[in-house]
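Colleague: any chance you can model this:
(chains A, B, C and D)
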Amino acid sequence: MKEAVFEITENRPLTENVFRMVLSGKEAETLRPGQFVNIRLDGLYLRRPISVCDAEGDRLTLIYKVVGKGTDLMSKMTGGRLSLLVGLGNGYDHEKSGGSPLLIGGGVGVPPLYMLAKELKRSGKDVGVVLGFSTKSEVFYEDEFRALGCSVTVATADGSYGKKGFVTDALPEKYSYVYTCGPEPMLRAVYAKITTSGQFSFEERMGCGFGACMGCSCKTVTGYKRICRDGPVLEKEEILWQTQG
Amino acid sequence: MKEAVFEITENRPLTENVFRMVLSGKEAETLRPGQFVNIRLDGLYLRRPISVCDAEGDRLTLIYKVVGKGTDLMSKMTGGRLSLLVGLGNGYDHEKSGGSPLLIGGGVGVPPLYMLAKELKRSGKDVGVVLGFSTKSEVFYEDEFRALGCSVTVATADGSYGKKGFVTDALPEKYSYVYTCGPEPMLRAVYAKITTSGQFSFEERMGCGFGACMGCSCKTVTGYKRICRDGPVLEKEEILWQTQG
Amino acid sequence: MADTRVNLCGIELSNPIIPASGTFGYGYEFAELYDINVLGSFSFKGTTREPRFGNPTPRIAETPSGMLNAVGLQNPGVEKVISEELPRMSRVFHKKVMANVSGFSVDDYVYTASRLSECEQVGWIELNISCPNVHGGGMSFGTDPKSASEVTAAVRRAVRKPLIVKLTPNVGDIAEMALACESAGADGISLINTLLGMRIDLRKRRPLLKNTTGGLSGPAVFPVALRMVYQTAKAVKIPVVGMGGVASAEDVIEMMLAGATAVEVGAENLVNPYACRDIVEALPGAMEKYGINKLTDIIGGAL
Amino acid sequence: MADTRVNLCGIELSNPIIPASGTFGYGYEFAELYDINVLGSFSFKGTTREPRFGNPTPRIAETPSGMLNAVGLQNPGVEKVISEELPRMSRVFHKKVMANVSGFSVDDYVYTASRLSECEQVGWIELNISCPNVHGGGMSFGTDPKSASEVTAAVRRAVRKPLIVKLTPNVGDIAEMALACESAGADGISLINTLLGMRIDLRKRRPLLKNTTGGLSGPAVFPVALRMVYQTAKAVKIPVVGMGGVASAEDVIEMMLAGATAVEVGAENLVNPYACRDIVEALPGAMEKYGINKLTDIIGGAL
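Modeller: Reported below is the predicted structural model:
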């Protein structure tokens, strides 16, 4: 983890409320799939954690959905410099993928899978991708995954595009391992449905984002973990689902 | 009083820590000598009151000294738009000037006298100006007052420029009326020394700047007054000096 | 069409927005900027029995997302307020106003409150037992349940208008204070008054405020205000008027979800003189965004 | 050359900067970023007798110029802290650390404090009787002078290290609390812990924090913290450790002018992990700006 200043080089909408911001900074090359950055925004006290969609050379790509003050502020930025904490989170371990890994993403859980897919393809894997969205107008990055050479299936809850239903209704027959990211209900459904082991990326409200405040702790089979530091990626076998309160 | 958005067109130092900011906005033409504007600055809760140095057409000139967070922030601005509350304060009444008014300014008390001098010259008055500074390096606007055709005397406390001493050591023999602005000790000295009536412009920490919060009240012969609304200019005859606590 | 009406102690307001006492003067300065009749009501500058200049200056200091004030109840005294200010107010505001009352003894409170309650314009008495900037008065009544209930009961007996008691947050148990006022006959509770705070001038090495301490207001205090409104609404049956750092229509909705029937807007008026008008205008849009048809439906919705 | 040394209860600090418990973990994450030995000391994550997971999530919410937390004293328990964390800490920090202790009974506090006080690394015990996020514990000791003096006296008898009692601001009279702890044998007072606050999720119409309320920290609370440090320093003779929204070297000087002998930095560590290092580096320059040669010269300078 370290602080680094990045320059905004692009910031445009992919859908009505999902934006892609491209930043330039030399720390980009140090980032791994499944990690996130924590962004300082003028006028807001806490930084905003955004998962890394892609990092190549000094080019960092973030995809975020406008859900509150912070992301709304970000969506209005046309340029300038941002202070980021980079190298946060454990990230996905692509060593475990086996020959034909399956990547399952839902909504804003899709972006972190892109850089992972890129790496897996580079190491010659046969990568399957299932992307879930609520409706056609919210679909993004299908082509980008195809361009990497992945076999992509898209599911929409209302059937307006691709397969009708949830990601769990669109799983292929065979895969060697699962990498997934998305809203908790989706993660729970994936957990119940998949026939292999896998890695799950979780979201939680964070204070610091680097393990100091214990704001985002969760219980696991292997003890208490900080989503921001010991996660956000957990092995399927260590997950302990909390009963909804 | 109203809110108006102005564009920063110039912002440069006149001395080490005194800056001149020129702004453009159509409300500029409504401003009178001795009034002030209240400026909203990102990241600071209260607006910052700055006296009007000059206003001509849509051009507004402010001169401010860097003394705290707000003015420091202002001094770093290279452009952009600012929200101003304009038309604040009663301003000087130039009707009372007589034929040969004397304008006495000390430090950052000098700027509001400039627009007044301009008006008085336009109405054909014989305007005398005494400007006081602590040392040569802090002198500003002497030439600007001369350019208006005023007879200008500069005094510096350490004698490094102009007359050695305070403004009260540099008063001319004859004058019809006095307009003054500066730190309270100077105003007290001027009050004690001058042989005519006059108008004094006061400073006080303000909350709103437009008379709502009673944050800047003072006692006068004619009752309680709000520096921001009933002032900042008081007639010599109504001033009640508070004993320093 | 969004229904923003609320009913505060038997008087209907077109919307719950009420500028808070001490941040709106008598409304004149704001009436120059917009028609203040768009407001639900407003609580005019606190009145005392005798005229007061208040504290020496400086009375104002800035803080992160907030400000300190130590004005100290400057006002012309109740007789002048009745003879001069209320008639002037009636020319710019045609609805019922809220009369904020302060004092230094039970007698003071009773006298000033009953004089003001006789005025037809006055819809509510807001009993300010929480001013942190006046020594030997104000807040002392608001930090001890016994004194609070005493002054509330005495004023209750003396006035025929709805009586709202304004509480200070500078206590350990806000619910206990609110309950004491309710059982003494208060018709409503308004809170929070300012949090006692301080700043020091690093150059002079002296407190920035001549009064040493002052009252903190502004967005900085919003989460504390919201928590106390929530605790108070949980504890009492009478309506709660929420205030403290409210700066947007969303803040108003959040206060009402915490249990507020009406919402006072304070410090924000000083930095954005159009704040209350802006909030009134933004409210229907915010209601729609959060699926609210009638504002009354959400009062205490998060309790 | 500016002299930043201060003496806290008999132990000299190279400077008064101490990261506050709960915002610095055990120092490991920060030690990756800079040599944390530049700090005067640090107060590590609060320890309880038994291991605790703490409260359910969400535990964090944002506020204007601040944040709410309801972590609820997550920690591995005193035995693991002694067997695992203290040895690990000793590898990254070579000065005395401050051991923040919480509990649910006088016995808890006594047991945990005495176990930690036996550790050579531990310079001070910071008795946290002010955690607002743990039900039936923590803060209840800090809101009643009698319980505060009881637990302070019991721990005082049991430990040989300097005992600093950490107070909550959620009381009506902070000086009364501080005096109770002083007369019960406390060697110092640290304050303020967080102000109890709340936020509500407008979409869900439920409190944002699973715990409903949380503790407010960050620059928003600085003026309240400064006022309480001032009132406490006026009331007691023992050293006061000031904290609450400190974010700059100027804030540190302001706290010391209000009476603080040392200054804890909390929430700022979370948004700027270099905050404490930055403040330590900026301190000499700020001292020069305000004409301060020895930092000890200004302690209580504004009292």
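
Colleague: what pairs with residue 18 across the strands?
Modeller: Reading this off chain A. Beta-bridge partners recorded for residue A:18 (DSSP bridges): residue A:65.

Colleague: looking at chain C here, not the other one
Modeller: Going by DSSP bridges, residue C:18 forms beta bridges with residue C:264.

Colleague: check it and give its pLDDT.
Modeller: Looking at residue C:18, its pLDDT is 98.

Colleague: also residue C:141?
Modeller: pLDDT at residue C:141 comes out at 86.

Colleague: chain center to the host helix or strand of it: distance?
Modeller: According to DSSP states H and E, residue C:141 maps onto helix C:139-142. Chain-centre distance of helix C:139-142: 15 Å, with Cα atoms, centre = their mean, to the nearest Å.

Colleague: next one: stretch C:1-9
Modeller: Centroid separation for stretch C:1-9 versus its chain: 19 Å, with Cα atoms, centre = their mean.

Colleague: what does that stretch rub up against?
Modeller: The contact list for stretch C:1-9 (Cβ atoms under 8 Å, 6 or more residues apart in numbering or on different chains) reads C:12-16, C:40-41, C:124, C:162, C:164, C:187-188, C:238-239, C:241, C:261-262, C:280, C:283-284, C:287-288, C:292-296, C:299. For glycine as for every other residue, the C-beta is placed from the backbone atoms N, C-alpha and C.

Colleague: related to what we said a few turns ago, by contact count, what packs against the helix holding residue C:141?
Modeller: With contacts taken as 3 or more Cβ pairs under 8 Å, 6 or more residues apart in numbering or on different chains; DSSP states H and E, helix C:139-142 sits against helix C:145-158.

Colleague: switch the cut-off to 10 Å
Modeller: In terms of contacts (3 or more Cβ pairs under 10 Å, 6 or more residues apart in numbering or on different chains; DSSP states H and E), helix C:139-142 is packed against strand C:122-128, helix C:145-158, strand C:163-166.

Colleague: show me the contacts of stretch C:1-9 that map onto helices.
Modeller: C:280, C:283-284, C:287-288 (DSSP state H).

Colleague: for those residues, which one is nearest residue C:248?
Modeller: residue C:283 (9.6 Å; Cβ to Cβ).

Colleague: count the residues that sit near the closest one.
Modeller: With neighbours defined by other Cβ atoms under 10 Å in any protein chain shown, the count for residue C:283 comes to 22.

Colleague: residue contacts, the closest residue to it other than its chain neighbours?
Modeller: Closest residue in space to residue C:283, ignoring its immediate chain neighbours: residue C:249 at 4.6 Å, by Cβ to Cβ, 6 or more residues apart in numbering or on different chains. Going by Cβ atoms under 10 Å, 6 or more residues apart in numbering or on different chains, residue C:249 touches C:4, C:17, C:263, C:278-287, C:289-290.

Colleague: quick one: which of the residues you listed is nearest chain D?
Modeller: Closest approach between the contacts of residue C:249 and chain D, by Cβ to the nearest Cβ: residue C:290, at 5.1 Å.

Colleague: and the nearest residue to the closest one once chain neighbours are set aside, backbone torsions?
Modeller: Leaving aside its sequence neighbours, residue C:290 sits nearest to residue D:202 (Cβ to Cβ, 6+ apart; 5.1 Å). Backbone torsions of residue D:202, given as degrees, to the nearest 10, read phi -70, psi -30.

Colleague: neighbours of residue C:159, how many?
Modeller: Residues near residue C:159, counting by other Cβ under 10 Å: 22.

Colleague: thought it was touching residue C:123?
Modeller: No. If you go by Cβ atoms under 10 Å, residue C:159 and residue C:123 don't touch, sitting 11.9 Å apart.

Colleague: need the residues touching each of the two.
Modeller: Taking Cβ under 10 Å, 6+ apart as the contact rule, residue C:159 and residue C:123 both touch C:99, C:117.

Colleague: that older thread, look up how far chain D lies from the residue nearest to residue C:283.
Modeller: In this view, residue C:249 and chain D are 10 Å apart by Cβ to the nearest Cβ, to the nearest Å.

Colleague: what of residue A:145?
Modeller: 31 Å.

Colleague: tell me the SS of that residue?
Modeller: At residue A:145 the chain is in helix, as set by DSSP: H, G, I helix; E, B strand; the rest coil.

Colleague: low-confidence stretches in the stretch 1-150 of chain C?
Modeller: Residues of the stretch 1-150 of chain C that meet the criterion pLDDT under 70 lie in C:133-139.

Colleague: how about the residues of chain A by chain B?
Modeller: Residues of chain A lying close to chain B (Cβ under 10 Å from any Cβ of the partner chain) are A:42-43.

Colleague: mind giving me the domain split of chain A?
Modeller: Domains of chain A are assigned by automatic domain parsing as A:2-88, A:94-203.

Colleague: give me the number of residues near the nearest residue to residue A:141 once chain neighbours are set aside?
Modeller: Computed as Cβ to Cβ, 6+ apart, the closest residue to residue A:141 that is not its neighbour in sequence is residue A:110, at 5.7 Å. A count of nearby residues for residue A:110, using other Cβ under 10 Å, gives 27.

Colleague: so residue A:110 versus residue C:140, what's the distance?
Modeller: 60 Å (Cβ to Cβ, to the nearest Å).

Colleague: next one: phi and psi at the residue nearest to residue C:283?
Modeller: Backbone geometry at residue C:249, expressed as degrees, to the nearest 10, gives phi -60, psi -30.
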